[in-house]
Every structure is written in structure tokens, then in C-alpha cells.
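J.: Let me see the structure of the following:
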Amino acid sequence: MDAFVALLHAPDGAVVVDGVLVHAGSPLAEQRALASGAALAPLGDRVVLAVPGEDRLSWLESFSTQRVSVLRPGQGAELLILDPAGRVEHAASVVDDGATAWLIVDRTDAAGLLDFLKKMRFRLRVDPRDASEELAVVGGTAAALAEVQAAAPGGVPVVWHDPWPGVTDGGWAYGIADPHPGTERDWAEALVDAGEATRLASAVASGALRLAGSAAADALRIAAWRPRITDADERMLPHEVDWLRSAVHLAKGCYRGQETVAKVHNLGHPPRRLVALQLDGSESSLPSHGDAVRAGDAVVGAVVVAAVHYEQGPIALALVRRNTPVDVDLVVDTADGPVAAAQEVVVPPEAGSVASVPRIPRLGRRR
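T.: Next up, the predicted model:
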């Protein structure tokens, strides 16, 4: 969409890579503005898929982890699609407008998900398609998006409100932090058409609107311990990253991978667990996805994602072995050398439906 491309390049000093606004000139200041509702983030790393048809909601529910057949027009949810072994393959935010289910998906996942959906049509009344040439995605606080004229192809504005870290109907929380850092994050995503993208670009050019880049949005979601499909490797189970909170309905009907989900939840523990890392701020190196995490000389896991937060400094999320001691300091092997890291428990080693784990206070923030 040419109008959305113009929006990405609207700020002076903007850095745009592969159609994604990385930052608009001041990454840390943009985080603060985005968190407070004083800025919007044009999400060029999101793709919109449309699923019209009378059977769309029951069809999506039949092979996903979420109960979406109950969605009312304008109501949203989050769903996962798993492989037969229960590992995460695709993820989507979904809003139904009464005639079409609109899926907001990560760009790296869009082609694979659309191909999967088309293969699953059979004789049902559904017609999934890529709608990214018609609609784009902007993100921010609910109040900030209230000023955006969200697209309403079916008569209902399409705005998805992130349920994280709330526990949705049928979900389960493994996290034990008190308070959960995600409660401080107010996040929503709205679909915009070409006309609205043009209007927003004009507002940026006139100084009436401030933009934030993907670096700011990612830093805020990392601080909130919020998983995304870009974090997943070929082995990720939703239990490992506390994704049962918002994307899995444990009591819904059969779906691919359900047996593993139930077995791990009811009878065992996830083999890995997500930790939040407070990285040594004296080092200039920021870890990359896949960098090894060590406890002493033993490699116990790998970094999922990292960023520099405007309040906490360098932070990361990592997946480590379940039996890694919760009180041990870790080290991340970056390309420029080792970086010390203090861990915060996101998913405890005892996680599971039968576990009784006391809630623990979070580490104090660095300022």
C-alpha cells in the first residue's frame, strides 16, 4: 500500500528496513511516547489476512487452540496453530466484524499460515486471502488508537486489544511474578486503509502526530514478557513461554497437538522455561536470537529476543532448561564476548496444572 509506505518514511531521520519503520530518530524516547499514548507505531512487520464466509469462525476453531466461534462483531482473540506434537507453528490475532474474520499475523509467518488455511478449506464456506494490499496495521495504546479511523469493511471498526497478560476464558497462567510486568502495558492494533494511512502521514508531516518504530514496540513487549511467533523455534511448546494465558483454551474441542498440550499441562512440566534477563549494562553488546545462555560452563539455553529498554536498560527473554536453578546468575555468549545476566522467573520449573507455586515479588527496576 503506497499510502502506508509514505507513512513509514514520514518522520525526518526515520530508519526503514524492508518496509518496517525501525525507529523514527529517537528509539528510547519513542518507547516512552508509545507507552504513554503519545505516539503510534506503523507495524510494517504485520500482514493482514481476511477469512470471509459463513463457516469462518467454527472452521478456525476446529484446528486452532482458541474458542473463536463465540466471538461477537468487534470482539478479538488470539490463537495458535500447532503441529501434531503440540509445537507452535503459527500464531494470529483475530477480530471478527460479523462477516469476515481478520487475522493480524507476523510477516515472516503470513505465507505459511495462508497456505495452511487454503489447504484446510475442503468444502466449507470460507475463502482465506491476503488483504495486505488493502489494509495495514498500526499499534499503540487503546487511547491513542481511539484517534485513528480504523477500517470497518463490515461496518465494525477492526481493532484488536491485546489480552496479555490476562488469563482469557479457558486459559491458564504459569507465570508467578507479582505484579506481572505486562499489566503496565496497554497495547492494541488497528487496521487502516489507504485513506487513513494518507491522513496519518499528513499529520506526521505537520507535527500533529508522533511515530514510534518497531524497536520501541519490541522493547515494550519484551519488558512485558509477551511472546510472539518470531520468538518460536522448531521445538517451542506454548507452555514454555506462558502462552496458555491468552492463546489456548484448555477445554475446547479437538485440534492438532491437543494431546500434547493436555499431557504436558496435566501430567508433566514443559521441558524448557522462559526467563527474563537483566543484562549487564556496562557491556555494549546486545545478544542476538539464538545466542547461548550458560550457567557456569554449561550451556542451559538460548536467547529468544533482546532490546534496550528506556527504563530497565538492556533486557532479553531466553528459553532455558527446566531444571536450571532459579537463583543462579547466567551468562550470555554474544558475538562480542560474554555478558552477565540476572534472571527473573517467568515460567517456574514446577509449572503445570498440579503445581502449587508461591507468587514471588519481581526484581526492582534499574533507573
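J.: Identify the residues contacting residue 294.
T.: 300, 330-333, 338 (CB atoms under 8 Å, 6 or more residues apart in numbering). Yep, even glycine has a C-beta here, placed from its N, CA and C like the rest.
J.: my bad, should have said residue 6
T.: Contacts of residue 6 (CB under 8 Å, 6+ apart): 197-198, 201.
J.: how does it look with 7 Å?
T.: Neighbouring residues of residue 6 by CB atoms under 7 Å, 6 or more residues apart in numbering: residue 201.
J.: Surely residue 308 is in a helix?
T.: No - counting by DSSP: H, G, I helix; E, B strand; the rest coil, residue 308 is located in no helix; its state is strand.
J.: roughly how far apart are it and residue 203?
T.: Distance, residue 308 to residue 203, by CB to CB, to the nearest Å: 28 Å.
J.: Could you do residue 165 as well?
T.: Separation of residue 165 from residue 203 (CB to CB): 32 Å.
J.: swap in residue 314?
T.: In terms of CB to CB, residue 314 sits 33 Å off from residue 203.
J.: Those two - which one has more neighbours?
T.: Taking other CB atoms under 10 Å, residue 314 and residue 203 do not tie; residue 314 has more neighbours (24 against 17).
J.: Bridge partners for the nearest residue to that one once chain neighbours are set aside, pull those for me.
T.: Leaving aside its chain neighbours, residue 314 sits nearest to residue 279 (3.9 Å; criterion: CB to CB, 6 or more residues apart in numbering). Using DSSP bridges, the bridge partners assigned to residue 279 are residue 341.
J.: just residue 159 next, same as before
T.: Following DSSP bridges, residue 159 is listed with bridge partners residue 190.
J.: I'd assumed residue 190 was in contact with it.
T.: Yes - using CB atoms under 7 Å, residue 159 is in contact with residue 190, at 4.5 Å.
J.: Neighbour count: the two, which is higher?
T.: Higher neighbour count among residue 159 and residue 190: residue 190, with 28 against 20, using other CB under 10 Å.
J.: Looks like that one contacts residue 146 (just checking).
T.: No - with contact defined as CB under 7 Å, residue 190 does not count as touching residue 146 (9.4 Å).
J.: So for the residue nearest the centre of the chain, what's the pLDDT?
T.: Nearest to the geometric centre of the chain sits residue 228, at 3.4 Å (CA atoms, centre = their mean). Looking at residue 228, its pLDDT is 97.
J.: which residues touch it?
T.: Listed by CB under 7 Å, 6+ apart, the contact set of residue 228 reads 106, 221.
J.: How much space separates it from residue 1?
T.: Note on residue 228: its distance to residue 1, by CB to CB, is 23 Å.
J.: the helices in the stretch 51-200 of the chain, which residues?
T.: If DSSP state H, counting those that start in this stretch is used as the criterion, the helices of the stretch 51-200 of the chain fall at 56-63, 107-119, 142-145, 194-206.
J.: Only alpha carbons, please: show the second one as PDB.
T.: I take that to be helix 107-119. Taking C-alpha atoms only, helix 107-119 is exported to PDB below (Å, rounded to 0.1, in the frame of the first residue of the first chain):
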ATOM      1  CA  ARG A 107       5.000 -11.000   8.100                       C
ATOM      2  CA  THR A 108       7.500 -13.900   8.500                       C
ATOM      3  CA  ASP A 109       4.600 -16.300   9.300                       C
ATOM      4  CA  ALA A 110       2.000 -15.000   6.800                       C
ATOM      5  CA  ALA A 111       2.800 -17.000   3.700                       C
ATOM      6  CA  GLY A 112       3.000 -20.300   5.600                       C
ATOM      7  CA  LEU A 113      -0.200 -19.600   7.500                       C
ATOM      8  CA  LEU A 114      -2.200 -18.600   4.400                       C
ATOM      9  CA  ASP A 115      -1.000 -21.700   2.600                       C
ATOM     10  CA  PHE A 116      -2.100 -23.800   5.600                       C
ATOM     11  CA  LEU A 117      -5.500 -22.100   5.700                       C
ATOM     12  CA  LYS A 118      -6.100 -22.700   2.000                       C
ATOM     13  CA  LYS A 119      -5.300 -26.400   2.400                       C
END
